[in-house]
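Novice: Turn this into a structure:
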Amino acid sequence: MRGLNESECDGYAIADNGSFVVADDETLAGVIAEFERASERSRVIAADFDLDDITTRPRVGDVSLRFIYLLLIEDFARHAGHGDILEEQLTAVGHGCG
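Specialist: Numbers count the residues shown, from 1 in each chain. Okay, here's the model as predicted:
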């Protein structure tokens with residue numbers, strides 16, 4: 001909402017293909033801590049805006065804070081679903097079903 005460049009944003013670097021890159025030496029605790037720091041900064045920024053306030057982003061055009069929240073909820077749910085699938089696959093392999 002503040003129009004920050006990607007280089008000013010918290011979080012891990014984004015590779016050329018648009019996926020997040022986690023280095024081999026990073027730990028789960030470190031990744032979670034970075035997520036929590038970025039989430040807190042996002043909450044602080046969002047607190048200055050109303051749901052219907054609009055910002056213009058180069059990749060998507062005009063979007064409201066409401067749209068951004070919905071996009072984040074969808075994305076989070078999608079990735080949670082991916083986690084569920086992985087857990088089911090690992091459990092099945094652990095029980096000799098895979």
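Novice: Against residue 47, how distant is residue 26?
Specialist: According to C-beta to C-beta, to the nearest Å, residue 26 and residue 47 sit 29 Å apart. C-beta here means a position set from N, CA and C on the backbone, and glycine is covered the same way.
Novice: neighbour count winner among the two?
Specialist: residue 26 (12 against 7; other C-beta atoms under 10 Å).
Novice: three-state assignment of that one?
Specialist: The local conformation at residue 26, judged by DSSP: H, G, I helix; E, B strand; the rest coil, is coil.
Novice: before we move on, what about the one 5 residues further on?
Specialist: When states are read from three-state DSSP, the local structure at residue 31 comes out as helix.
Novice: From residue 30, how far out is the residue lying closest to it once chain neighbours are set aside?
Specialist: Distance criterion C-beta to C-beta, 6 or more residues apart in numbering; nearest residue to residue 31, sequence neighbours excluded, is residue 22 at 6.2 Å. Per C-beta to C-beta, residue 22 is found 9 Å from residue 30.
Novice: can you tell me which residues contact residue 70?
Specialist: Residues in contact with residue 70 (C-beta atoms under 8 Å, 6 or more residues apart in numbering): none are found.
Novice: mind checking which helix or strand it is in?
Specialist: Using DSSP states H and E, residue 70 maps to helix 65-94.
Novice: Now that helix: average pLDDT?
Specialist: For helix 65-94, mean pLDDT rounds to 84.
Novice: From residue 29, how far out is residue 75?
Specialist: Counting by C-beta to C-beta, the separation of residue 75 from residue 29 is 23 Å.
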